[in-house]
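**Student:** starting from these lines, generate the structure:
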Amino acid sequence: MEVLVSGKLFQLSILACLGAWAMAESQCGRLEEKLLYTTQESTEPSENPWIGILLEEQGPRYQNLRCSVVIINELHVLTTATCVKRFKNRSGDTKAVAMLGVWNEDDSPDEELACNEKDFCVPGPKLYKVVEIKVHPQSDRDTGDNDLAILRLEKTVEWSAWIQPICLQGSSEPETLTNRNLHYSGFNNDGTNKGKGLSMTVSTRKCKQLTSSSVFFPVNQLCGYPVKRTKFYPGSALMDIDVRSDKPHNFYLVAILVRNVDAGQATTQVYQNVRRARSWIMENVK
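**Tutor:** You can find the predicted model right below:
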């Protein structure tokens, strides 16, 4: 037992050093190139550190709403409007809570260290109360278009190696998102660890076919055809990579997942295009 405790104390000191380094070197959309080319479906603990989970405060407990949130800056996270429609209060005591710095959704924020069965430890997740919910003004319940919501947090997020923001824009971006092999990340129904994958975006015409939307498909949404059929939570981030001087520099957000559609042997991911909502996001996260 003494060896185990000593090991954890040593690991805690290392984690503290990494956290201090991250706060000094924090940048949006941080990536490690070597992690881009693996076939792993689970992330490393500090990989994609802008992904969190939406909770609902229920007395002394919190209910996991099976929705991801994406950290935009030190006071705001982004998710879908559908994920927050259950909250009647849009300001003050909303009962909404963002759990950030989470790698395994079963980990408790009451624990300073969250350890697995192999005694591998990471800092426990942090809870941030939501004090304001802003739904996109053109959110359409009938069509599902503009399914976006910005959540303002009660206190400033403390940056660490496990909690950092995503970039909202790349230095150079393609005109279209069609036929792009993009990265996505969030939590899903097949495991408790934060996951990741690749998804090929398709044309609107193909999107209609895959989702059986023969007449209408929301103009500000797009479809992704994932390599794996794993169903990720709404709010998961679809990301492109900003390349500078021929090197992958950082991730930036292009869309967030709103739903999964099963059709035969395929699963289609339907995403809300964030690029077309950037001006609204920027105006509301100042």
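**Student:** so who does residue 30 touch?
**Tutor:** Going by CB atoms under 8 Å, 6 or more residues apart in numbering, residue 30 touches 49, 164, 250-251. All C-beta spots, glycine's among them, are computed from the backbone N, C-alpha and C.
**Student:** and these, which two are the farthest apart?
**Tutor:** The largest distance within the contacts of residue 30, taken as CB to CB, falls between 49 and 250 and amounts to 12.1 Å.
**Student:** comparing those two, which shows the higher neighbour count?
**Tutor:** Using other CB atoms under 10 Å as the criterion, residue 49 and residue 250 rank with residue 49 on top: 27 against 18.
**Student:** my read: the more buried one touches residue 162, true?
**Tutor:** Yes: counting by CB atoms under 8 Å, residue 49 touches residue 162, with 5.3 Å between them.
**Student:** okay, and the common contacts of those two?
**Tutor:** Shared contacts of residue 49 and residue 162, counting by CB under 8 Å, 6+ apart, come down to residue 101.
**Student:** state the mean pLDDT of the strand of greatest length in the chain.
**Tutor:** Longest strand of the chain, by residue count under DSSP state E: strand 247-263. The pLDDT scores in strand 247-263 average 95.
**Student:** what's the model's confidence in the next helix or strand after it, averaged?
**Tutor:** As assigned by DSSP states H and E, the chain's next helix or strand after strand 247-263 is strand 266-273. Over the span of strand 266-273, the pLDDT mean works out to 94.
**Student:** report the angle between strand 266-273 and strand 247-263.
**Tutor:** Angle, strand 266-273 to strand 247-263, by axes from the mean of the first three to the mean of the last three CA atoms, to 10 degrees: 120 degrees.
**Student:** would you mark the buried spots in the following helix or strand past strand 266-273?
**Tutor:** Following strand 266-273 in sequence order, the next helix or strand is helix 278-284 (DSSP H and E). Neighbour-count burial for helix 278-284 flags 280-281 (criterion: 16 or more other CB atoms under 10 Å).
**Student:** can you dump the C-alpha atoms of the longest strand of the chain in PDB for me?
**Tutor:** What follows is strand 247-263, C-alpha atoms only, in PDB (Å, rounded to 0.1, in the frame of the first residue of the first chain):
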ATOM      1  CA  LYS A 247       3.100  20.900 -40.600                       C
ATOM      2  CA  PRO A 248      -0.200  20.200 -38.800                       C
ATOM      3  CA  HIS A 249      -0.500  23.100 -36.500                       C
ATOM      4  CA  ASN A 250      -3.800  22.900 -34.600                       C
ATOM      5  CA  PHE A 251      -7.400  21.700 -34.800                       C
ATOM      6  CA  TYR A 252     -10.200  24.100 -35.500                       C
ATOM      7  CA  LEU A 253     -14.000  23.500 -35.200                       C
ATOM      8  CA  VAL A 254     -16.100  23.100 -38.300                       C
ATOM      9  CA  ALA A 255     -19.300  21.400 -37.000                       C
ATOM     10  CA  ILE A 256     -20.900  19.700 -34.000                       C
ATOM     11  CA  LEU A 257     -22.800  16.400 -34.100                       C
ATOM     12  CA  VAL A 258     -26.600  16.700 -33.800                       C
ATOM     13  CA  ARG A 259     -27.700  13.100 -34.500                       C
ATOM     14  CA  ASN A 260     -26.900   9.700 -35.800                       C
ATOM     15  CA  VAL A 261     -28.900   8.000 -38.500                       C
ATOM     16  CA  ASP A 262     -28.800   4.200 -39.200                       C
ATOM     17  CA  ALA A 263     -29.500   3.100 -42.800                       C
END
